[in-house]
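Enquirer: no FASTA, just this:
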């Protein structure tokens, strides 16, 4: 019975294009988190707990970027090609 909701466990077979796109998204999000964290640590070093805030914001950026890229590039591209 299909609910129409797509999640990661819905299908064991994933096209290789989708796997490549997912790998690219993971690398982009990792790079974004590292870059944002680095830039914020340099800019906010006069604030108390600046390392925490740099980490917090970098993780938020990576999470939002991951969500958007998966929704609008990885999964949408697969749906459009079918």
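Expert: Received it, and whenever you're ready, just let me know what you need. All values reported here derive from a predicted model rather than from experimental measurement.

Enquirer: OK, contacts around residue 52?
Expert: Counting by CB atoms under 8 Å, 6 or more residues apart in numbering, residue 52 makes contact with nothing. C-beta here means a position set from N, CA and C on the backbone, and glycine is covered the same way.

Enquirer: low-scoring stretches of the chain, by residue?
Expert: Scanning the chain for pLDDT under 70 picks out the ranges 1-12, 77-82.

Enquirer: centroid-nearest residue for it?
Expert: Nearest residue to the geometric centre of the chain (CA atoms, centre = their mean): residue 66, 1.7 Å.

Enquirer: just checking, that one touches residue 22?
Expert: No: judged on CB atoms under 8 Å, residue 66 makes no contact with residue 22 at a distance of 10.0 Å.

Enquirer: can you show me the helices along the chain?
Expert: 16-43, 50-69, 75-81 (DSSP state H).

Enquirer: compute the inter-axis angle for the first one and helix 50-69.
Expert: Meaning helix 16-43. 150 degrees (axes from the mean of the first three to the mean of the last three CA atoms, to 10 degrees).

Enquirer: buried ones in helix 16-43?
Expert: By neighbour count with 16 or more other CB atoms under 10 Å, helix 16-43 contains the buried residues 21, 22, 25, 29, 32, 33, 36, 37, 40.

Enquirer: tell me how far it lies from the chain's centre.
Expert: 7 Å (CA atoms, centre = their mean, to the nearest Å).

Enquirer: what sits against residue 61?
Expert: 32, 33, 36.

Enquirer: cutoff 10 Å now
Expert: 29, 32, 33, 35, 36, 37, 40 (CB atoms under 10 Å, 6 or more residues apart in numbering).

Enquirer: my guess is the fifth one meets residue 64, correct?
Expert: No: in this structure, residue 36 sits apart from residue 64 without contact. The criterion is CB atoms under 10 Å, and the distance is 11.1 Å.
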